[in-house]
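> Only the shape, not the letters, is given here:
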């Protein structure tokens with residue numbers, strides 16, 4: 001199934017531009033992200049029997065998550081044709097993949113729906129989340145926090161993630177939580193992942209900056225992140241009843 005959409009912001013995923021700039025589909029951090037997802041679910045005593053991921057890319061997050069939830073049915077959805085080249089290997093872990101728009105498909109509603117590094121790419125994330133409410137019981141979002149005093153002053157980091165990986169929206173923790181609440185969700189928990197300190201594949205420059213971040217974070221984590229950036233957010237939320 002292909003997607004016909006007037007949204008020009010999605011063209012880069014349909015015409016091969018994203019795949020050309022990101023040939024590994026950013027899979028290197030997937031085991032780390034999967035560990036953070038599993039942790040927030042375990043901390044809230046959630047053992048999903050059906051897990052789906054929208055915008056799954058290579059499927060590497062689901063593959064890494066398999067060991068934490070070995071009995072769960074797992075499904076990945078993506079609109080990008082280039083992502084399919086990764087799926088034959090990922091299917092060996094018992095994961096089903098579909099090329100198409102999850103919102104347009106008639107599939108069972110999963111116990112946990114993963115939205116990993118997706119919202120910042122969408123032209124209208126509010127509309128996406130609002131439409132998703134009827135297709136999710138719980139959502140787990142991983143959201144980069146690109147917006148900080150440092151990134152605004154330098155600007156180059158914002159332009160880099162815009163060009164290379166297609167980030168159209170830049171968030172702080174409060175802005176990310178507000179997006180979900182404005183779209184009709186109850187945020188159960190929003191936690192930092194310590195990405196700037198313990199994520200894999202950190203550059204030497206980022207590791208050196210981590211020394212300063214550790215000091216500032218110890219004094220006030222929220223303020224430190226807004227000043228220095230480098231963090232990501234893991235959010236567990238549910239559609240708000242009555243909306």
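That came through, no problem. Keep in mind that this is a model prediction, so the values were computed, not measured.

> count of residues packed around the nearest residue to residue 77 once chain neighbours are set aside?
Spatial nearest neighbour of residue 77, chain neighbours left out: residue 102 (4.2 Å); criterion: C-beta to C-beta, 6 or more residues apart in numbering. Every C-beta, even on glycine, is put in place using the N, C-alpha and C of the backbone. Neighbours of residue 102 under the rule other C-beta atoms under 10 Å: 24.

> residues touching residue 102, list them.
52, 54, 77, 135 (C-beta atoms under 8 Å, 6 or more residues apart in numbering).

> and which of those is nearest to residue 213?
residue 54 (30.9 Å; C-beta to C-beta).

> Who are the contact partners of that closest one?
77-78, 102, 113-115, 118, 132.

> pLDDT averaged over stretch 112-122 - what is it?
In this model, stretch 112-122 has a mean pLDDT of 97.

> Looking at the contacts of residue 102, which one is closest to residue 217?
Closest to residue 217, out of all of the contacts of residue 102 and judged by C-beta to C-beta, is residue 54, at 31.0 Å.

> For the host helix or strand of residue 39, what is the distance to the chain centroid?
Element membership for residue 39, per DSSP states H and E: helix 30-43. Counting by C-alpha atoms, centre = their mean, to the nearest Å, helix 30-43 is centred 12 Å from the centre of its parent chain.

> Grab the most central residue of the chain for me.
By C-alpha atoms, centre = their mean, the chain has its centre lying nearest to residue 116, at 1.8 Å.

> Can you give me the distance of residue 32 to residue 54?
20 Å (C-beta to C-beta, to the nearest Å).

> those helices in this structure, which residues are they?
Assigned by DSSP state H, the helices in the chain fall at 11-14, 17-21, 30-43, 60-65, 87-90, 125-132, 149-154, 156-164, 173-182, 195-198, 204-219, 221-228.

> Next, the residues that contact stretch 65-75 from outside, please.
34-35, 37-38, 41-42, 47-53, 62, 93-98, 107, 110-111.

> List only those of those flagged as buried.
34, 37-38, 41, 48, 50-53, 62, 93, 95-98, 110-111 (16 or more other C-beta atoms under 10 Å).

> re the thing from before, spatially, which two of the contacts of residue 54 are the most separated?
78 and 132 (15.1 Å).

> Please say which of the two ends up with more neighbours.
residue 78 (27 against 19).

> what residues are up against residue 179?
Residue 179 sits in contact with 119, 125-126, 129, 171, where contact means C-beta under 8 Å, 6+ apart.

> Going by neighbour count, which of these comes out on top?
Busiest of the contacts of residue 179 [other C-beta under 10 Å] is residue 119, holding 25 neighbours.
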